[in-house]
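In: Provided below are the primary sequence and the corresponding predicted coordinates.
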Amino acid sequence: MSLLKKYCLLGAALWIACAAPAFSEYTALSTLLAETASKLEWNPLLESGVLVKDTTQVVFTVNVPWVIVNGSRRINVDAVRRQHGALVFPESTAKEIRAVLEQTDIPPKVFRVAAIVIDPGHGGKDSGASYVHTINGKSIRVSEKDIVLNLAKKLHVTLKARYPDKVILLTRENDTYIALEDRPYIANTIPVKPDDAIVYISLHANASMSSAAKGFEVWYLTPNYRRDLVTTASVGKEYSEIVTIMNDMKEEEFTRESVLLAGEIASQLESAIGAVTENRKIKEGEWLVVRKAKMPAVLVEVGFVSNLEEATRLMDDAYLQKIEKAIYNGVSHFIEQFEQSKGFTE
Ligand SMILES: [Zn+2]
């Protein structure tokens, strides 16, 4: 069950509890929800909730004398309390929250993918999967690091031409070794505006004990994995009580985005090369590069170097061009949806 669903179910249980008679100096949660047409996401462990209306979010915590609007603006209020088990808002607090949620002159947020980081796996002393095959009568070493660099450079050129206003970055531009943990660090430190997104795409080629194994697959981070996306250090000590809920919300958002990106890339690869190789589908895993990237991230395995037929194709520039075009299409479809949505917050 998704975290959001969990919250909503608990929210529903709470709502029933709140349907108890209201007290004059307090506004019951159910009343506030109905009045403002907002939804509640509730974290029972933290006794903290988020009132969501369109793109506005108001976070409150029981017995904490402030609320936080859109993850950044703090308003001091009389604390939300429990009365006979039900949540109640002091009238002055309810008034503040109503004003925030009913505000219509807030300019709509602009959601934008500001940067795309392309990470060709391995490099230098680390060849990745590497096999010697006889191709066209010649003995050739086929290495993952070379294939993915070739592919990444093509992708970099196309994306740069299509998105001149976005930062398009390669984690390596030549045959150099970069430690695994340094790759997402490059992406994590790109300066962007608060609502701007960065997308991380790691490119790899596969290997198997079975020489018959072939196909492409796209990985995204296991949804239950938790990174430190929102920390007390990043938002300030005063938010320490709700950092976990803010972090969970960020993780859920990145999971939705990563799954969408992985799906777009896989379906484009299916149309481009599905006729000659296998679609091993999208999968979840805890790859280090994806784990350390604090953004929507995917890892694409473009084919098996261990398979003679596939290795031969991967050494062919025209075939690699097809893969490049497919990944490009997948990324641009994702960007289109992201930038037209409100960052998938609705
Ligand atoms: Zn690899």
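Out: Nice, I can see it. Numbering: from 1, shown residues only.
In: how far does stretch 121-140 sit from its chain's centre?
Out: 33 Å (CA atoms, centre = their mean, to the nearest Å).
In: ditto for stretch 68-80
Out: For stretch 68-80, the separation from the chain centroid amounts to 26 Å (computed by CA atoms, centre = their mean).
In: could I get the contacting residues of the closest residue to the ion within the chain?
Out: Nearest to the ion, among the residues of the chain, is H204, at 3.5 Å (CB to the ion). C-beta: built from backbone N, CA, C; applies to glycine. Contact analysis of H204 by CB atoms under 8 Å, 6 or more residues apart in numbering lists G121, H122, G128, E144, V148, L299, V300, E301, V302.
In: what is the burial count for I68?
Out: Counted with other CB atoms under 10 Å, residues neighbouring I68 total 22.
In: that one sits in which helix or strand?
Out: Take DSSP states H and E as the rule and I68 turns out to sit in strand 66-69.
In: ok, L45 next?
Out: Using DSSP H and E, L45 sits within no helix or strand.
In: what's the answer for the one 4 residues further on, then?
Out: When secondary structure is defined by DSSP H and E, G49 falls within strand 48-53.
In: chain center to that strand, what's the gap?
Out: 21 Å.
In: contacts for it?
Out: Outside strand 48-53, the residues touching it (CB under 8 Å, 6+ apart) are 11, 32-33, 36-43, 57-62, 87, 97, 101, 241-242, 245, 249.
In: quick one: which of these sit in strands?
Out: Of the contacts of strand 48-53, the ones assigned to strands by DSSP state E are K39, L40, E41, W42, N43, Q57, V58, V59, F60, T61, L87.
In: ok, and which of the residues you listed reach the ion?
Out: On the criterion CB under 5 Å from the ion, none of the entries of the ones in strands among the contacts of strand 48-53 sits beside the ion.
In: neighbour count, pLDDT and distance to I186 added to those residues, as TSV?
Out: Conversion of those to TSV gives the following (neighbours: other CB atoms under 10 Å; pLDDT from 0 to 100; distance: CB to CB, whole Å):
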residue	neighbour count	pLDDT	distance to I186
K39	13	92	37
L40	22	92	39
E41	23	88	33
W42	22	87	37
N43	21	83	33
Q57	20	86	30
V58	21	91	35
V59	26	89	32
F60	24	91	37
T61	20	90	36
L87	24	94	44
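In: show me the helices in this protein, by range?
Out: Secondary structure of the chain (DSSP state H): helices located at 3-18, 29-36, 91-102, 144-162, 182-188, 232-235, 243-273, 288-292, 308-314, 317-340.
In: ok, and for stretch 119-134, which residues are buried?
Out: Going by neighbour count (16 or more other CB atoms under 10 Å), the buried part of stretch 119-134 is D119, P120, G121, H122, G123, S127, G128, A129, S130, Y131, H133.
In: leaving out the residues flanking it, which one is nearest to the third one?
Out: With sequence-adjacent residues excluded and distances taken as CB to CB, 6 or more residues apart in numbering, G121 is closest to H204, at 4.2 Å.
In: so what pairs up with that neighbour in the strands?
Out: For H204, the beta-bridge partners under DSSP bridges are E301.
In: what's near enough to touch the spatially most central residue of the chain?
Out: Of all residues in the chain, the one closest to the mean position by CA atoms, centre = their mean is F254, 2.1 Å from it. Contacts for F254 were tallied using CB under 8 Å, 6+ apart; they are L221, L229, M295, P296, A297.
In: just the ones in strands from these, please.
Out: L221, A297.
In: so can I have TSV of the contacts of F254 showing neighbour count, distance to the ion and pLDDT?
Out: Compiled in TSV, the contacts of F254 are given as follows (neighbours: other CB atoms under 10 Å; distance: CB to the ion, whole Å; pLDDT from 0 to 100):
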residue	neighbour count	distance to the ion	pLDDT
L221	26	16	92
L229	17	25	90
M295	23	20	92
P296	27	20	93
A297	28	15	94
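In: so W66 bridges to which residues?
Out: With beta bridges defined as DSSP bridges, W66 has these partners: N76.
In: buried ones in stretch 195-214?
Out: For stretch 195-214, burial by neighbour count (16+ other CB under 10 Å) applies to 196-207, 213-214.
In: so who does the spatially closest residue to V298 that is not a sequence neighbour touch?
Out: Leaving aside its chain neighbours, V298 sits nearest to A262 (4.7 Å; criterion: CB to CB, 6+ apart). A262 makes contact with V218, W219, Y220, I282, V298, according to CB under 8 Å, 6+ apart.
In: now do R172
Out: Counting by CB under 8 Å, 6+ apart, R172 touches D119, P120, G123, L149, I178.
In: ok, the first one touching I201?
Out: What it means is D119. Yes: between D119 and I201 there is a contact under CB atoms under 8 Å: 6.6 Å.
In: okay if I get the contacts of F254 as a markdown table plus distance to A266?
Out: Output for the contacts of F254, formatted as a markdown table (distance: CB to CB, whole Å):
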| residue | distance to A266 |
| --- | --- |
| L221 | 16 |
| L229 | 25 |
| M295 | 19 |
| P296 | 15 |
| A297 | 15 |
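In: which bits of the stretch 51-200 of the chain sit near the ion?
Out: Counting by CB under 5 Å from the ion, the stretch 51-200 of the chain comes close to the ion at G121, G128.
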